[in-house]
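1. Let's see this in three dimensions:
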Amino acid sequence: MKRDLMDIICCPVCKGDLELKVKREEDDEIIEGELICKKCNVSYEIKDGIPNLLPKNL
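-> The predicted structure follows:
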């Protein structure tokens, strides 16, 4: 995932802003980490460079 994506994505549950926590980064690509909603406190995993923004209750 590229950092530029943070400008256009939001929480799929409440549409709130997401906070990025990086666990592993290579070059300009975020490989592992998580996105945390500041509004509803739901977290979304980033694995192999792909953010999983599916709501957990599905």
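
2. Can you get me a residue count around residue 51?
-> Number of residues near residue 51 (other CB atoms under 10 Å) recorded here: 19. The way it works is simple: take the backbone N, C-alpha and C, and place the C-beta from them, glycine included.

3. Quick check: the residue nearest to it when sequence neighbours are not counted vs residue 32, distance?
-> In space, and not counting its chain neighbours, residue 51 is closest to residue 1: 5.3 Å by CB to CB, 6 or more residues apart in numbering. Using CB to CB, to the nearest Å, residue 1 is found at 10 Å from residue 32.

4. between these two, what contacts are shared?
-> Residues touching both residue 1 and residue 32 (CB atoms under 8 Å, 6 or more residues apart in numbering) are residue 46.

5. residue ranges with poor pLDDT in the protein?
-> Where the chain drops to pLDDT under 70, the residues are 57-58.

6. most distant residue from the middle of it?
-> What lies farthest from the middle of the chain is residue 27; by CA atoms, centre = their mean that is 18.0 Å.

7. Kindly provide the distance from that residue to residue 3.
-> Going from residue 27 to residue 3 by CB to CB gives 11 Å.

8. ok, back up a step: residue 1 and residue 32 - which one has more neighbours?
-> Each of residue 1 and residue 32 has its neighbours counted (other CB under 10 Å); residue 1 has more, 21 against 16.

9. Now do the same contact list for that one.
-> By CB under 8 Å, 6+ apart, residue 1 lies in contact with 29, 30, 46, 49, 50, 51.

10. Nearest residue to the fifth one in space, please, no chain neighbours.
-> This means residue 50. In this structure, residue 50 finds its nearest non-sequential neighbour in residue 1, 6.7 Å apart by CB to CB, 6+ apart.
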